[in-house]
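Peer 1: Just to be clear, the model below is a prediction. Sequence and coordinates:
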Amino acid sequence: MPAPLKIMADAIRVLSMDAVERANSGHPGMPMGMADVATELWTRVLKYDAADPAWPDRDRFVLSAGHGSMLLYSLLHLSGFKAMTLDQLKAFRQLGSLTPGHPEYGHTPGVETTTGPLGQGFATAVGMAIAERHMAARFGDDLVDHRTWVVAGDGCLMEGVSQEAIALAGRLQLNRLTVLWDDNRITIDGAIDLSDATDQLARFKASGWAVKAIDGHDPMQIRRAFAWATRQPKPSLIACRTKIGRGAATLEGHHDTHGKALGAAEVAATREKLGWPYAPFEIPEEVYRLWRAAGRRGRKAHKAWQARLAASPAKAEFERAVSGELPRHAFAAVDAFIAEAEAAKPAAATRQHSGAVLERIFGEIPDLIGGSADLTGSNNTYVKNTQVLDAPDYAGRYINYGVREHGMAAAMNGLALHGGVIPYGGTFLVFSDYARPAIRLAALMGVRTVFIGTHDSIGLGEDGPTHQPVEHLAALRAMPNLHVFRPADAVEVAECWKLALEDQKTPSVMALSRQKVPAVRTTPIGENMSARGAYQLAAAGHPAQVTIFATGSELGVALAARDLLEADGIGARVISVPCWEHFDRQPADYQAALIGETPVRVAVEAGVRMGWDRFIGADGVFVGMHGFGASAPDKVLYEHFGITAEAVAAAAKAKL
């Protein structure tokens, strides 16, 4: 490697080993091994301006092998990202630093997505690449013309989500996506052949990728491979054969460099081997000069882009879309839908109501991109006459993700992270288990991704317990910063959609029924009651002795039970609870008043009890599921499992 590039790459190596040594925790091997590839990319190819990490037309760099975070932190510091100071590197893995163990989006400027769970960054990057192509089709190449680069390790490619990502990217011919595989043939346990013998080049090629293998320490091979990748009409994989811990005095190529500090003696010996006579965290001014010049390399392109944006007739709309702000009258059609529903009182499955809301809102919010994991007709996610997003014209607004829930959810996160796009996608709620890792990352990152889960209970009927979610609502509600909406009718569905789209910092799950449900909101109120999270749907006619809490399809059961109790002279209130998380946001006095102090409190939901004690108390009555479901028509199942108005009324009376 030419002397300037070698010393620039060695700066990454020593910073990485120094930071891990100081923290006595971390992964020095991957940053040391990929330093040569990263140096070539960041100094010659990657389009970025270190002075503006949020430049919309920058290339996206995703470190899918997030355990090697010091590679990214070193690059950010050396190239001149203002927030990434030397003190931040010294505080690696310490509380409050900008250098956590794995990169975190929204926490560290320059980090495009939170990574660490292997394969997630790769799959998320597919969404970024889709968003780039879509935005280019929408606004033109003058404003959107960038690439997505991914550093992935053996672990990323072993995780199952990688195959979903590979297949989807290949099918969509995402030629602006390049994966740099750190082919070091090492895992934590030892050599890769202990657990894997996959021909990765053949695997990618079979899915429609262009592939090339290179020596990841040969600058000319690296450089030619980058030029080759930018010419391909399909996504590209560059297999970079590297040595983990490259440069380490005695541990180069050894699996011990993966996840351990090298140790003081090895660090000292490595400095001598590299010819690096400087103290820990000391970088020569000449090296800084070279790296800072690389960080400024994209400034000219950035200024030219700013001039094009200023002259573009699409400037205002582009800036609005990228900012995440909704159009001014985004909900006018939805408000009209609510008024119509209050008057017409339609009885239908809430998944159908959701489809009807999308029909109204889709044209008003051009940033929306929908999709489904091969369940379009069941999820009601397709808006009629919508163009499908596909090669070579990516202007469409609906994605056929195929049977790939995990890959879909991760790609949706990438769409949201890229900016200019608001993604939603559907599957059956029970299959949120497949998507859960990506849902969790959406919540951790705080991005507006809308996950639609239809067939949300035993009410889906004959498909049986394999498809009937019982624990899923509780499991999703347990996740911080995730709005789990379970609306009861057309009005609540519309209200919940508004809430999901208004919140830029929180992902949402829309739990929707397969079976028909009655209208429960039939009187105009003039307020989004679902925004309260829980509210009184029906007051007691007699002095209140029973309060019934319910969600979604069980609201009809709760209202019928109230009528039975009232007929017997027992005052009963009904509380709709469409979103626990929004209820948490309400003032304490509102929460206390709504829950009330009636002698009996009952919760009705076709799921497990977990979490409901916050509303009904440990001695409250729960009418719902206590095990898995069964295969039968929905009405038969509700009778069989005792989720009926008669059962609710009887349980309340027994408690009284």
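Peer 2: Ah, there it is.
Peer 1: okay, CA-based contacts and neighbour counts for the rest of this
Peer 2: OK.
Peer 1: Run a quick neighbour tally on Ala343.
Peer 2: When counting by other CA atoms under 10 Å, one arrives at 13 neighbours for Ala343.
Peer 1: which SSE is it in?
Peer 2: Under the criterion of DSSP states H and E, Ala343 resides in helix 332-344.
Peer 1: State the mean pLDDT of the helix or strand following that helix.
Peer 2: Next along the chain after helix 332-344, taking DSSP H and E as the criterion, comes helix 350-361. Helix 350-361 shows a mean pLDDT of 98.
Peer 1: which strands and helices sit next to helix 350-361?
Peer 2: helix 332-344, helix 490-502 (3 or more CA pairs under 8 Å, 6 or more residues apart in numbering; DSSP states H and E).
Peer 1: Restrict the helix holding Ala343 to CA atoms and write it as PDB.
Peer 2: Output of helix 332-344 as PDB, limited to C-alpha atoms (Å, rounded to 0.1, in the frame of the first residue of the first chain):
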ATOM      1  CA  ALA A 332     -58.600  16.300   5.500                       C
ATOM      2  CA  ALA A 333     -59.800  13.200   3.700                       C
ATOM      3  CA  VAL A 334     -59.400  11.000   6.800                       C
ATOM      4  CA  ASP A 335     -61.500  13.500   8.900                       C
ATOM      5  CA  ALA A 336     -64.200  13.300   6.300                       C
ATOM      6  CA  PHE A 337     -64.000   9.500   6.500                       C
ATOM      7  CA  ILE A 338     -64.500   9.700  10.300                       C
ATOM      8  CA  ALA A 339     -67.600  11.800   9.900                       C
ATOM      9  CA  GLU A 340     -69.000   9.400   7.300                       C
ATOM     10  CA  ALA A 341     -68.300   6.400   9.500                       C
ATOM     11  CA  GLU A 342     -69.900   8.000  12.500                       C
ATOM     12  CA  ALA A 343     -73.000   8.500  10.500                       C
ATOM     13  CA  ALA A 344     -73.000   5.200   8.500                       C
END
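Peer 1: That one - contacts with which helices or strands?
Peer 2: helix 350-361, helix 490-502.
Peer 1: Going by neighbour count, list what's buried in it.
Peer 2: Neighbour counts over helix 332-344 (16 or more other CA atoms under 10 Å) mark Ala333, Val334, Asp335, Phe337, Ile338, Ala339, Glu340, Ala341, Glu342 as buried.
Peer 1: Would you check how far apart Cys496 and Pro487 are?
Peer 2: Distance, Cys496 to Pro487, by CA to CA, to the nearest Å: 7 Å.
Peer 1: contacting residues around stretch 44-62?
Peer 2: With CA atoms under 8 Å, 6 or more residues apart in numbering as the contact definition, stretch 44-62 has outside contacts at 76, 79-82, 109-113, 121-122, 125, 128, 143-151, 226, 294-299, 302, 305, 322, 419.
Peer 1: Filter those down to the ones in helices?
Peer 2: Counting by DSSP state H, the contacts of stretch 44-62 place 76, 79, 121-122, 125, 128, 226, 294-296, 299, 302, 305, 322 in helices.
Peer 1: Okay, now the unreliable bits of the stretch 351-500 of the chain?
Peer 2: Scanning the stretch 351-500 of the chain for pLDDT under 70 picks out no residues.
Peer 1: need the strands for it, in chain order.
Peer 2: Here the stretch 351-500 of the chain has its strands, by DSSP state E, counting those that start in this stretch, at 368-372, 398-400, 422-428, 450-454, 483-485.
Peer 1: Redo the ones you listed as a markdown table? Include mean neighbour count.
Peer 2: Below are the strands of the stretch 351-500 of the chain laid out as a markdown table (neighbours: other CA atoms under 10 Å):
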| stretch | mean neighbour count |
| --- | --- |
| strand 368-372 | 26 |
| strand 398-400 | 23 |
| strand 422-428 | 28 |
| strand 450-454 | 26 |
| strand 483-485 | 28 |
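Peer 1: and stretch 633-645, how far apart are its ends?
Peer 2: Termini of stretch 633-645 sit 18 Å apart (CA to CA).
Peer 1: for stretch 257-264, same thing?
Peer 2: 13 Å.
Peer 1: Stretch 139-158 now?
Peer 2: OK, stretch 139-158 end separation, CA to CA: 37 Å.
Peer 1: got the buried residues for it?
Peer 2: 139, 143-158.
Peer 1: Same check on stretch 561-581?
Peer 2: 561-566, 570-581.
Peer 1: ditto for stretch 208-223
Peer 2: So stretch 208-223, judged by 16+ other CA under 10 Å, has buried residues Gly208, Trp209, Ala210, Val211, Ala213, Ile214, Asp215, Gly216, His217, Pro219, Ile222.
Peer 1: ok, the third one touching Gln232?
Peer 2: Yes. Taking CA atoms under 8 Å as the definition, Ala210 is a contact partner of Gln232 at 7.0 Å.
Peer 1: Now do His305 against Trp181, distance only.
Peer 2: Not His; residue 305 is Trp. 31 Å.
Peer 1: Kindly report the same for Ala227.
Peer 2: From Ala227 to Trp181 the distance is 16 Å (CA to CA).
Peer 1: Show me which of those two is the more surrounded one.
Peer 2: Taking other CA under 10 Å, Ala227 and Trp181 do not tie; Trp181 has more neighbours (25 against 11).
Peer 1: My impression was that the more buried one belongs to a strand - is that right?
Peer 2: Yes. Assigned with DSSP: H, G, I helix; E, B strand; the rest coil, Trp181 falls within a strand.
Peer 1: and Leu201, what element?
Peer 2: Counting by DSSP H and E, Leu201 is part of helix 200-206.
Peer 1: helix or strand right after that helix?
Peer 2: strand 210-215.
Peer 1: outside of that next one, which residues touch it?
Peer 2: In contact with strand 210-215 (CA under 8 Å, 6+ apart) are residues 201, 204-205, 221-222, 225, 232, 234-242.
Peer 1: My guess is Ser69 contacts Leu98. True?
Peer 2: No. At 11.2 Å, Ser69 does not count as touching Leu98 under the criterion of CA under 8 Å.
Peer 1: Compare those two (neighbour count), which wins?
Peer 2: The neighbour comparison of Ser69 against Leu98 (other CA under 10 Å) goes to Ser69, with 28 against 22.
Peer 1: Contacts for the helix or strand encompassing the more buried one, please.
Peer 2: Per DSSP H and E, Ser69 falls inside helix 69-79. For helix 69-79, contacts defined as CA under 8 Å, 6+ apart pick out 12, 15-16, 19, 27-28, 30-32, 34-35, 42, 50, 63, 84-86, 89, 99, 101-103, 110, 288, 291-296.
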